[in-house]
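Trainee: Here's a sequence, model it:
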Amino acid sequence: MKSGLKTAGALALTTLLGACGGGDGDAGKDSGGGTPVPMSQAELRLFAGGAYETGLFLPYFAMGFINSLLDHVGDGMPDEPQPCADGQGSRTSVYVDADRDGKISAGDSLTIDMTDCATRGLGDALNGRVRIAVKEIQGDILNAFNTVGVFTLEVPELKLSASESMSGTLQVRFEQTTHDVPEASAGIEDVEETMEVSQSGGGDFKLRYTEDGKDYEQAISGYDSKSHFLYATGTERYTALGFTHRGQGVTLGAFDYRMALVDPLVTVYDKDGSTPGSIAGRYTVETRGETITTTFSSPTAGTSDVRIESSSGVSWSGSSDDEGDL
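Mentor: As a prediction, the model looks like this:
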């Protein structure tokens with residue numbers, strides 16, 4: 001895997017949790033005649049933005065740790081503690097080479113124990129353990145372009161700060177191909193990466209945090225996504241994305257919604273990794289008797305416009321050019 005895996009974008013956990021996180025204690029109550037009060041414009045944005053960020057967070061999280069496995073083996077499987085990002089904190093990695101061939105193969109696993117470990121994108125003080133089990137490997141995943149890797153990511157309990165933690169299991173399938181271009185003559189611009197993340201058989205993925213002395217717990221279930229990244233154009237395209245998210249949060253109180261992709265979600269990255277946001281795509285969020293539809297478009301190069309509208313008739317529009325975005 002000469003290129004290194006592409007992430008789904010730099011999403012912070014605080015954004016993920018805060019998006020559906022008392023706020024309006026009367027939200028969703030009826031008006032006295034049995035008819036639910038339509039959600040406000042602000043609530044539409046919270047649900048739409050929360051679903052977007054939650055949906056993209058899990059692939060980003062999973063690929064970060066699978067990259068750690070690849071880096072660990074590529075570096076010669078060191079067994080002594082290693083410094084984390086910017087030298088803050090440490091991590092100890094134990095690789096089990098089941099067939100003792102010195103390569104990544106089915107049956108192998110990597111367990112990472114972190115102590116006050118700084119990361120780029122997840123937090124500055126991770127504490128806990130993550131285990132990556134290798135289920136299937138096709139090709140030389142460290143050195144070739146045309147490869148397949150299937151992994152199980154187990155997170156017994158990972159603290160991202162003194163007040164935030166997560167736990168759960170994810171299934172990940174990663175494929176890299178140059179299509180009709182022969183491996184020997186292929187370059188990075190010929191590569192397409194496909195990544196699938198799911199919870200099949202893994203139960204809920206749980207998120208917990210504490211704010212102002214109150215504990216909140218959320219659960220993601222039925223998660224399933226499939227994304228494609230083309231290096232030639234810097235284009236990432238989600239062709240599948242759906243899950244249920246329920247629990248309690250600071251902003252929305254108790255919530256329960258189902259997110260489903262309608263049209264592929266497309267994002268184009270600049271060479272430095274920056275992006276204005278998704279430029280095409282549509283998804284729905286079903287909650288509180290309403291269906292919220294979010295649509296992305298790009299009327300001019302380098303911009304991302306978004307329109308959020310509910311079946312109740314309430315709507316909102318914004319652009320990456322102003323502060324009113326997701």
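
Trainee: Could you tell me the model confidence score at Leu326?
Mentor: Leu326 carries a pLDDT value of 58.

Trainee: before we move on, what about Ile132?
Mentor: Reading off the model, Ile132 has pLDDT 97.

Trainee: dump the residue contacts of Ser68.
Mentor: 93, 110, 112, 132 (C-beta atoms under 8 Å, 6 or more residues apart in numbering). C-beta: built from backbone N, CA, C; applies to glycine.

Trainee: looking at this, Gly49 is in a helix?
Mentor: Yes - counting by DSSP: H, G, I helix; E, B strand; the rest coil, Gly49 is located in a helix.

Trainee: Neighbours of it, how many?
Mentor: For Gly49, the tally of surrounding residues (other C-beta atoms under 10 Å) stands at 20.

Trainee: Please apply the same query to Arg100.
Mentor: 9.

Trainee: so Ala133 sits right up against Glu154, yeah?
Mentor: Yes - if you go by C-beta atoms under 8 Å, Ala133 and Glu154 touch, sitting 7.0 Å apart.

Trainee: So in terms of bridging, what pairs with Val268?
Mentor: Thr235 (DSSP bridges).

Trainee: give the contact list for it.
Mentor: Contacts of Val268 by C-beta under 8 Å, 6+ apart are 233-236, 275, 279.

Trainee: Whichever of these end up buried, select them in ChimeraX.
Mentor: To isolate the buried ones among the contacts of Val268 in ChimeraX, judged by 16 or more other C-beta atoms under 10 Å, type:
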select :236,275,279
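
Trainee: where's the dip in pLDDT among the contacts of Val268?
Mentor: Minimum pLDDT across the contacts of Val268 falls on Thr275, with 71.

Trainee: That one - that's part of a helix, no?
Mentor: No - according to three-state DSSP, Thr275 belongs to no helix; its state is coil.

Trainee: can you pull up the bridge partners for the nearest residue to Ile66 once chain neighbours are set aside?
Mentor: Here the nearest residue to Ile66 in space, its sequence neighbours aside, is Phe151; by C-beta to C-beta, 6 or more residues apart in numbering that works out to 5.7 Å. For Phe151, the beta-bridge partners under DSSP bridges are Val134, Val172.

Trainee: same deal with Lys226?
Mentor: Glu196, Ala240.

Trainee: May I have the host helix or strand of Thr284 as PDB, with CA atoms only?
Mentor: Under the criterion of DSSP states H and E, Thr284 resides in strand 278-287. Only the C-alpha atoms of strand 278-287 are listed here, as PDB (Å, rounded to 0.1, in the frame of the first residue of the first chain):
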ATOM      1  CA  SER A 278     -19.100  18.400   0.100                       C
ATOM      2  CA  ILE A 279     -20.000  19.700  -3.300                       C
ATOM      3  CA  ALA A 280     -22.800  17.200  -4.200                       C
ATOM      4  CA  GLY A 281     -25.000  14.700  -2.400                       C
ATOM      5  CA  ARG A 282     -28.200  14.300  -0.500                       C
ATOM      6  CA  TYR A 283     -29.200  12.500   2.600                       C
ATOM      7  CA  THR A 284     -32.200  12.300   5.000                       C
ATOM      8  CA  VAL A 285     -32.600  12.300   8.700                       C
ATOM      9  CA  GLU A 286     -35.900  10.900  10.100                       C
ATOM     10  CA  THR A 287     -36.800  12.000  13.600                       C
END
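
Trainee: List the contacts of Pro156.
Mentor: 128-129, 131, 167.

Trainee: Let me see the backbone angles for it.
Mentor: phi -60, psi -50 (degrees, to the nearest 10).

Trainee: So it versus Gln218, what's the distance?
Mentor: Applying C-beta to C-beta, to the nearest Å, the value for Pro156 to Gln218 is 18 Å.

Trainee: For the strand holding Thr284, what is the distance to the chain centroid?
Mentor: With C-alpha atoms, centre = their mean, to the nearest Å as the basis, strand 278-287 stands 16 Å off its chain's centre.

Trainee: Return the set of buried residues in the helix or strand just after it.
Mentor: Next helix or strand after strand 278-287 toward the C-terminus (DSSP H and E): strand 290-297. By neighbour count with 16+ other C-beta under 10 Å, strand 290-297 contains the buried residues 290, 292-296.

Trainee: Could you export the residues you listed to JSON lines, including columns for distance to Ala62?
Mentor: Output for these, formatted as JSON lines (distance: C-beta to C-beta, whole Å):
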{"residue": "Glu290", "distance to Ala62": "31"}
{"residue": "Ile292", "distance to Ala62": "26"}
{"residue": "Thr293", "distance to Ala62": "27"}
{"residue": "Thr294", "distance to Ala62": "23"}
{"residue": "Thr295", "distance to Ala62": "27"}
{"residue": "Phe296", "distance to Ala62": "23"}
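
Trainee: need the residues you listed in a markdown table with pLDDT and distance to Lys103, can you?
Mentor: Converted to a markdown table, the buried residues of strand 290-297 look like this (pLDDT from 0 to 100; distance: C-beta to C-beta, whole Å):
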| residue | pLDDT | distance to Lys103 |
| --- | --- | --- |
| Glu290 | 96 | 52 |
| Ile292 | 97 | 47 |
| Thr293 | 97 | 47 |
| Thr294 | 95 | 43 |
| Thr295 | 95 | 46 |
| Phe296 | 92 | 41 |
